[in-house]
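Visitor: Need coordinates for the following:
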Amino acid sequence: MKKIFIFSIFLFMGTYNFALPLSQEARQESQLFNTFLEAAYAQRRADPSRFAKLRRALKQAPNSSYIKQQLVSEALAVDELELADHYADFIEDASQDPEAWAVYGAYQWRKGNSAQAIEAYEKATELAPEDDLILFQYITVLSATQPDKAAQTLEELAQARPMIASDLYNEMGRMYFYHQNFPAALEAFNKGVKADPANPQPRLGRAGVYEKTNQYFFMLHELEDLEKMGFSNAQTWAQMGAVYVLVRDFERAEQCFIRAKQDDNGSLPAGHFLALISEERGDYEKAISYLKDTHDYAQSPAKQIQVSYYQRKLNRPQESLQTVAAAYKQFADNTEVAYLYAVALYEDEQYKRAARILAPLVRKYPDNSEIRLQYAFTLESLKKYRAMEQEIAVLLEQNPRNAAALNLLAYSLAQRGQRLDEAADLSARALAVWPQDPSLIDTQAWILYKQGHYEQASDLMHALPAEFVAANPEISYHIALIEQALGQPQTAQTYLQQAAAGGWKPAQKELKKSKKILEHKPVQK
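Guide: Numbers count the residues shown, from 1 in each chain. Okay, here's the model as predicted:
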């Protein structure tokens, strides 16, 4: 009855807004409490204002080691070590607080003072030996600096705590694995498996050791055991697939990668290998699909370029160009992407745009002969012959046996009907480097044609592999003109039609004038 009576009195007094007066000290404590409470809630919400609120609380209680400790902790969280420096003296008044020593250890570790960090964590673990969080922080620091001491600590813990021994041995194995001490890592993982055969983590660690030490069959056996245990995922399936690739069992490799993709549709290794397998089969459509499914496709210029290549193999040049153009837009600073985009523009006969991309690349990489050569090709197509010859001169100064550069200049001179003797000499120098290259043989024959040596030109052209001629409409066009000059209109007509069907524009223009080449008398020699 008494408690009820007192409570009713307070209720009664509350109706008159009655309040006891607070002393100055009490008001200050109340303000500090409210300020700190605001800071605590801000910390819980990860509110950006939490640091400012803690500093306001410290201003009200400048000797509070706990608030200083919280400020150091928050400064470390946002990677502001200089801010932490101002409050690191909190440890002077927190000698018996394990959490304080753990924060101080983290502070010293981030400062690069490993000895002081270890000393702080040792004090923290002495004060709170059962605190697993502090213990694992301590072990993490030891793992990076004193792995053997960390291993000893983990061993002692495993002996004392058999229920988590497997996880502790797994942690030891991971530590040794990081330091590339693979025998010690394997021993630790073996202990982890023995402590708990149903724990998949040390088995995964053991498989990783086998992979690093090229013991692929042991690795495969480990992963198969994990599968039997019901533990398999995209990573394990992809690892198994990689082993089968190494032993060239592509059928089983593909099965594993498909399983990996089923578990994780965007799996990077699965997408990569399945695309390669599809490419090997000539199934470029499926290869494109696999690459586009990977998690990093949108951020991977290499994969986008590969897709562009597959699209070109599928005879979809405009789609291929669009893909590489999108990659260039996203990765304009990537030299390889810029170069390949310029090549794609060149092949699409957008020579001016290609030149605008290649010119700064040549200036940036003056010793890169591949970029300079492509620039020379582009200048030749733009009929900027003087500039082209300047680039060729640089290439030949860098490497006098640059067959591609020699051939380009030789062909350009022949095409223009200029300096044919010089062109013949350049062609001979190129063939001395690559004597069996059919493109170089075509240039030599074309020079002979321009010089009026039609029989010699014909002999060279008809010695070229038939599949090379069929795949290159420009070659067919050259043969057509040579045969026309020799007075062989029917043979010339056949090759002209072949060149036109292959998309060679000069041949197509010729066919528009007449469906067959007019008969010509043999050229008088």
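Visitor: What's the local residue count around Gln444?
Guide: Other residues within reach of Gln444, judged by other C-beta atoms under 10 Å, total 23. The way it works is simple: take the backbone N, C-alpha and C, and place the C-beta from them, glycine included.
Visitor: any idea how far it is from Tyr454?
Guide: 14 Å (C-beta to C-beta, to the nearest Å).
Visitor: One more: Trp101?
Guide: With distances taken as C-beta to C-beta, Trp101 is found 95 Å from Tyr454.
Visitor: of these two, who's got more company?
Guide: Each of Trp101 and Tyr454 has its neighbours counted (other C-beta under 10 Å); Trp101 has more, 24 against 21.
Visitor: and the residue nearest to the more buried one when sequence neighbours are not counted, what is it in contact with?
Guide: Using C-beta to C-beta, 6 or more residues apart in numbering and skipping residues adjacent in sequence, the residue nearest Trp101 is Ala124, 3.8 Å away. Going by C-beta atoms under 8 Å, 6 or more residues apart in numbering, Ala124 touches 98-99, 101-102, 105, 131, 134, 138.
Visitor: Would you map the helices across the stretch 151-300 of the chain?
Guide: 165-178, 182-195, 200-212, 216-228, 234-246, 250-263, 268-281, 284-293 (DSSP state H, counting those that start in this stretch).
Visitor: Tabulate the ones you listed in JSON lines, adding columns for mean neighbour count and distance to Asp367.
Guide: Output for the helices of the stretch 151-300 of the chain, formatted as JSON lines (neighbours: other C-beta atoms under 10 Å; distance: least, C-beta to C-beta, whole Å):
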{"stretch": "helix 165-178", "mean neighbour count": "23", "distance to Asp367": "39"}
{"stretch": "helix 182-195", "mean neighbour count": "20", "distance to Asp367": "41"}
{"stretch": "helix 200-212", "mean neighbour count": "22", "distance to Asp367": "37"}
{"stretch": "helix 216-228", "mean neighbour count": "17", "distance to Asp367": "40"}
{"stretch": "helix 234-246", "mean neighbour count": "21", "distance to Asp367": "36"}
{"stretch": "helix 250-263", "mean neighbour count": "19", "distance to Asp367": "40"}
{"stretch": "helix 268-281", "mean neighbour count": "20", "distance to Asp367": "32"}
{"stretch": "helix 284-293", "mean neighbour count": "19", "distance to Asp367": "32"}
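Visitor: So which of these is nearest Gln418?
Guide: Ranking these by proximity to Gln418 (C-beta to C-beta) places helix 284-293 first, at 42.0 Å.
Visitor: what is the orientation angle of that closest one with helix 250-263?
Guide: Comparing the axes of helix 284-293 and helix 250-263 via axes from the mean of the first three to the mean of the last three C-alpha atoms, to 10 degrees yields an angle of 40 degrees.
Visitor: which other helices and strands contact helix 284-293?
Guide: With contacts taken as 3 or more C-beta pairs under 8 Å, 6 or more residues apart in numbering; DSSP states H and E, helix 284-293 sits against helix 268-281, helix 301-313.
Visitor: Adding mean pLDDT and distance to Ala77, write the ones you listed out as CSV.
Guide: Below are the helices and strands packed on helix 284-293 laid out as CSV (pLDDT from 0 to 100; distance: least, C-beta to C-beta, whole Å):
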stretch, mean pLDDT, distance to Ala77
helix 268-281, 94, 31
helix 301-313, 95, 34
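Visitor: export those helices to TSV and tack on distance to Tyr66?
Guide: Output for the helices and strands packed on helix 284-293, formatted as TSV (distance: least, C-beta to C-beta, whole Å):
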stretch	distance to Tyr66
helix 268-281	46
helix 301-313	51
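Visitor: how much space is there between the residue nearest to Lys111 when sequence neighbours are not counted and Ala115?
Guide: Spatial nearest neighbour of Lys111, chain neighbours left out: Leu81 (6.4 Å); criterion: C-beta to C-beta, 6+ apart. Using C-beta to C-beta, Leu81 is found at 18 Å from Ala115.
Visitor: out of those two, which sits in the more crowded spot?
Guide: Neighbour totals were compared for Leu81 and Ala115, and Leu81 leads with 15 against 9 (other C-beta under 10 Å).
Visitor: pLDDT below threshold where in this structure?
Guide: The model of the chain has pLDDT under 70 over residues 1-43, 47, 51, 94, 514-525.
Visitor: Just give me the residue closest to the centre of it.
Guide: Centroid-nearest residue in the chain, with C-alpha atoms, centre = their mean: Ser300, separated by 5.8 Å.
Visitor: Check the spacing between the closest residue to that one other than its chain neighbours and Lys303 real quick.
Guide: Of all residues beyond its chain neighbours, the one nearest Ser300 is Thr294 (7.5 Å), with distances taken as C-beta to C-beta, 6+ apart. Distance check for Thr294 against Lys303: by C-beta to C-beta, it reads 7 Å.
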